[in-house]
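Asker: the following block contains a protein sequence and its predicted model.
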Amino acid sequence: MAAKTVIAEDRLLTPAEAARVCGVSYVTIRRWAARGLMTVVRTPGGQCRYREAEVRALMKEFPAGTDVTGGGTGRAC
């Protein structure tokens, strides 16, 4: 039986890992998720995770230094 290969789209990042990819704080990642800029995936234990492919796509759409504030309310995580 062959081992399953995990591809980037399957990989889930913690808020801290997503923050490192984006070059921002984990609090900013949570704010972006609350604004609907990325999807929150909940683990069975209730922790927040973010799809790596989605985080990287967001960084392509909004390069470092781009203001992505505004819009949305509430708490994603």
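Answerer: That came through, no problem. Residues are numbered from 1 along each chain as shown.
Asker: ok, longest strand in the protein?
Answerer: strand 48-51 (DSSP state E).
Asker: please work out the average pLDDT along that strand.
Answerer: Averaging pLDDT along strand 48-51 gives 95.
Asker: just checking, what packs against the next helix or strand after it?
Answerer: Next along the chain after strand 48-51, taking DSSP states H and E as the criterion, comes helix 52-61. In terms of contacts (3 or more C-beta pairs under 8 Å, 6 or more residues apart in numbering; DSSP states H and E), helix 52-61 is packed against strand 12-13, helix 15-22. In short, each C-beta sits where N, CA and C put it, glycine included.
Asker: neighbouring contacts of helix 52-61?
Answerer: Residues outside helix 52-61 that contact it (C-beta atoms under 8 Å, 6 or more residues apart in numbering): Ala8, Glu9, Arg11, Leu12, Leu13, Ala18, Val21, Cys22, Trp32, Leu37, Met38, Thr39.
Asker: save those as JSON lines, and put in neighbour count, distance to Cys48 and pLDDT too.
Answerer: JSON lines is the format used below for the contacts of helix 52-61 (neighbours: other C-beta atoms under 10 Å; distance: C-beta to C-beta, whole Å; pLDDT from 0 to 100):
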{"residue": "Ala8", "neighbour count": "9", "distance to Cys48": "19", "pLDDT": "49"}
{"residue": "Glu9", "neighbour count": "10", "distance to Cys48": "18", "pLDDT": "54"}
{"residue": "Arg11", "neighbour count": "14", "distance to Cys48": "15", "pLDDT": "92"}
{"residue": "Leu12", "neighbour count": "17", "distance to Cys48": "9", "pLDDT": "95"}
{"residue": "Leu13", "neighbour count": "22", "distance to Cys48": "10", "pLDDT": "96"}
{"residue": "Ala18", "neighbour count": "28", "distance to Cys48": "9", "pLDDT": "95"}
{"residue": "Val21", "neighbour count": "15", "distance to Cys48": "15", "pLDDT": "90"}
{"residue": "Cys22", "neighbour count": "22", "distance to Cys48": "15", "pLDDT": "89"}
{"residue": "Trp32", "neighbour count": "22", "distance to Cys48": "12", "pLDDT": "91"}
{"residue": "Leu37", "neighbour count": "18", "distance to Cys48": "14", "pLDDT": "90"}
{"residue": "Met38", "neighbour count": "21", "distance to Cys48": "10", "pLDDT": "91"}
{"residue": "Thr39", "neighbour count": "12", "distance to Cys48": "10", "pLDDT": "92"}
